[in-house]
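Student: let's see this in three dimensions:
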Amino acid sequence: MKYIRARDFLVILILTALTMGLSACSDSSSNHEVTALAYPYGADGISTTHSDTNDTVNESFGYNEAMQVVAYTKENTYYDDNDGDPVIDQRYVQSYTYDPSITASSIQTNLMPVAQVALTNSIFGAITSDIYSYYEIDADTGVLETTPSDQTENYYSYTASGVLLERTEVVHNGDEITSRTYTYTYNNDEKLTRNSYTLINPASAGTTFSGITTNEYDSHGNLILSTYTREGDSDGDGTDEAAEEHITSYENSYTGDLLMQTIVTENVGESNEHTYQFNYTYNTQEQLTSKTESWNNYSDDDEYDTFRTNTYTYDSAGRLLTDSEEFSYDSSGNHVINYLRHLNDVWEYNEQGVMTASSEEEIYYLDPVEKIMSGHNKDSYSYQYTENGNIAMNSYSNLLDSNLDGDFEGINSGRTHEYYYNTDGYLVSLIETTVYYDDGVITNTDTSTKTLTYTDGILTQIETVRSEDGSPNYNSNTNLTLNDDGQLSLYENNVVDGDYTATETITLTYNDDQTVTLLSENDEDSQQTKIVDFTTEGMPTGTTDLIIDTFVIRYPNSPELDSYYNGVSSADSNDKSYPLTFKIPKMFSFIYTEMMDD
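Tutor: Numbers count the residues shown, from 1 in each chain. The predicted structure follows:
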C-alpha cells in the first residue's frame, strides 16, 4: 500500500535501525517460551493483502535452535483487475539463507574491502544465498507459469570472521544459463593471495572465460608480485579473445622494518611496461610523515611527470592531526608543473581523545607557479557531547572564499543537529536547522523539530514540526496506543502539509490462535490487512530498544602503506557511532519493517 509523507522521520529511523538490528528488553514474555530476542520475534510468517488491488505478499521465516533467523522467503503476487474479476498477473519470489554467526559489522569490516559484494549485509547475519525468481503468465494458456521465466541465484561462503571465500551467481534466462564464480584465497594474515573469476556462457555460445590473480608478499607482509591472467570468451559471443597476462612487481626497500621505497613495474603482454614508485619518510616515533607517489602519465620518456604527496602530523597520543595532499603534473613535457591541487584534512580532539572538529579543504590553482587560485572550498564540522558521552550536537558549514584570496570571509551553507535525551538515555528531541546564504548573507532558515513523548517509559507520540523563517509549514503527529495488557493496539498518523492533510490508522487485533491482525486504512480508502503468525512460539509482548545508528563520526586511520594495491580504503573500524535509542512495543517493528520495504 502507499504510505503518506507523515512517516518521514520514523522511516529514516527504522531504515537505519533495521541495519543495526532490534535488541529485546528483559520484559518479554508470551503464552509459550519465546526465545527469539530480536525481530521478527519467532514469527512463522506474515501475510499481507491489499484490498484495492488484491495483490498479496507472503513472508516466511526459518530459525535455528537459538531462534535466530537462518532463512527468509518473500513472495509478491500481483493481480490484473480483469473487469472486476481479478486474476494473477505475475509473481516475484525472493529467498535468502543466513549465517547468524557472522555479523553485519564483521562483513563490513572484512568483506567489503576485499570483494565489494553487494547484498551481503543483513540484520540476520551474513547472507549465504539469495535467489530471485520471476513468474509470468503463459501467453497461450493465460495461466501463471510454474517454472520461473527469469531466475538469479547467488551463493556465498565466508571465513569465520566474515571474509568472503566464494561467490557464485547463476542466471537463468529462459532456457539459457550463465554462471559466474568468484573465489578468494588468503594467507594467515588474511591478505589476498589468489582470486579467480570463472564465467560459463550459455550453451548457445559454448564458451567459458577465466581470470586469475595471484599475489605474493615479502616477510614484512608487503606485496612483491601480482600476476593476472585471462583467457576465453568474456562477452559470450562464442569467440575466444586473445589470452592476456598482466604482471605487476613491487621492489621494496627497507631501513630496518620501515618501508622506504616501492618501485612498481607493470607489464601487460610482451611490450607494454609502466613504472611508478612510492617514497616514504618517518618521524622518530616511526610514524609515517610523508608518502609520495610518482608516475609518468603524459610522456613516453623515463622521467616522471605526475606526483602525489601526502604529509601527516600527529598529536602526542599518536592520533592523526593533519593529512595534506599535493597533487601536480606536467602535461606539456617541458618540466614545468601546469596543474596543482591541494587537499587538507584536519582533525581536533578533546583531552579524552574524542573528536571535536574536523575539516576538509580543497585548493585549485589556475597558475601553479604564481599560486593563482581557480577554486577554494572548505567543509567544516564540529561536535559536542553530553556528560555521559552521547552526541549532543553536530554542525556542518561550507565556507566562502568568493575573491579567491585564500581567506574565507563567509559561509555558503550550514546545518546543525541538536539531540536531547531523557534520564534513561532515550531520545526525546531532535532539532535540525538549515541555514541558506547568498554571497555570505543569510537568506532563509529552515527548522525541523521532532519531539518524542514516552508514557511509562514507552514511546507513545512523535510530533514533527517544520518551519521556514519561524513560520510553521508542516506538522506530523504520530500516536501509539497501548491496550490494558501493554500491547500496541492502534497506530495513528495525522499530517498537515500546507493545504494537504492526511490521516492513516493501523488497528492491531490479538487473536486466540496466536496471530495478530493489522488493519491499515487511510484517507484514500485504501485498505491493507496484514496477519502475523506466531503459532509456534507465541505472541511477543513487552518492548524493545530500537537502536538507530544515525550518526557516525569518521576518525582517520593511520596512513596505510599498501593502499595503492588494495584499490579501496581500509575499513574504518575506529569510527565512533552514536546511536539514538527509543523504547517501542515490539509489534511496532512489524509496521515499520514494511515501510522500509516500501
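Student: would you indicate which residues of stretch 169-189 are buried?
Tutor: For stretch 169-189, a neighbour-count test (16 or more other C-beta atoms under 10 Å) marks E169, V170, V171, H172, T178, S179, T181, Y182, T183, Y184, Y186 as buried. Yep, even glycine has a C-beta here, placed from its N, CA and C like the rest.
Student: any idea which element the closest residue in space to Q261 that isn't next to it in sequence lies in?
Tutor: Closest residue to Q261 apart from its sequence neighbours, by C-beta to C-beta, 6 or more residues apart in numbering: S253 at 4.3 Å. Applying DSSP states H and E as the criterion places S253 in strand 241-255.
Student: likewise S382?
Tutor: strand 372-385.
Student: am I right that A357 is in contact with M393?
Tutor: No - assessed by C-beta atoms under 8 Å, A357 is found out of contact with M393, at 11.8 Å.
Student: any shared contact partners between those two?
Tutor: Common neighbours of A357 and M393 are listed as S382, Y383 (criterion: C-beta atoms under 8 Å, 6 or more residues apart in numbering).
Student: related to what we said a few turns ago, spit out the contact partners of the residue nearest to Q261.
Tutor: By C-beta under 8 Å, 6+ apart, the contact set of S253 is L259, M260, Q261, T262.
Student: most widely separated two among the residues you listed?
Tutor: The span of those, defined through C-beta to C-beta, is set by M260 and T262 at 8.7 Å.
Student: more neighbours, the two?
Tutor: Using other C-beta atoms under 10 Å, the more surrounded residue of M260 and T262 is T262, with 22 against 14.
Student: list the contacts of the more buried one.
Tutor: Under the criterion of C-beta under 8 Å, 6+ apart, the neighbours of T262 are N222, Y250, E251, N252, S253, Q277, F278, Y564.
Student: same thing but 7 Å
Tutor: Taking C-beta atoms under 7 Å, 6 or more residues apart in numbering, we find T262 in contact with Y250, E251, N252, Q277, F278.
Student: give me the buried entries from those.
Tutor: Buried members of the contacts of T262, scored by 16+ other C-beta under 10 Å, are Y250, N252, Q277, F278.
Student: give the contact list for the third one.
Tutor: Applying C-beta under 7 Å, 6+ apart, one finds that Q277 lies in contact with Q261, T262, I263, V264, S294.
Student: one more: the last one?
Tutor: With contact set as C-beta under 7 Å, 6+ apart, F278 has these partners: Q261, T262, K291, T292, E293, Y564.
Student: quick check: the third one touching Y280?
Tutor: Yes - with contact defined as C-beta atoms under 7 Å, K291 and Y280 form a contacting pair (5.5 Å).
Student: of the two, who's got more company?
Tutor: Taking other C-beta under 10 Å, K291 and Y280 do not tie; K291 has more neighbours (22 against 18).
Student: now stretch 447-454: buried residues?
Tutor: For stretch 447-454, a neighbour-count test (16+ other C-beta under 10 Å) marks T447, S448, T449, K450, L452, Y454 as buried.
Student: in TSV, list the residues you listed along with secondary structure and distance to A160.
Tutor: Below are those laid out as TSV (DSSP: H, G, I helix; E, B strand; the rest coil; distance: C-beta to C-beta, whole Å):
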residue	secondary structure	distance to A160
T447	strand	48
S448	strand	44
T449	strand	46
K450	strand	41
L452	strand	40
Y454	strand	40
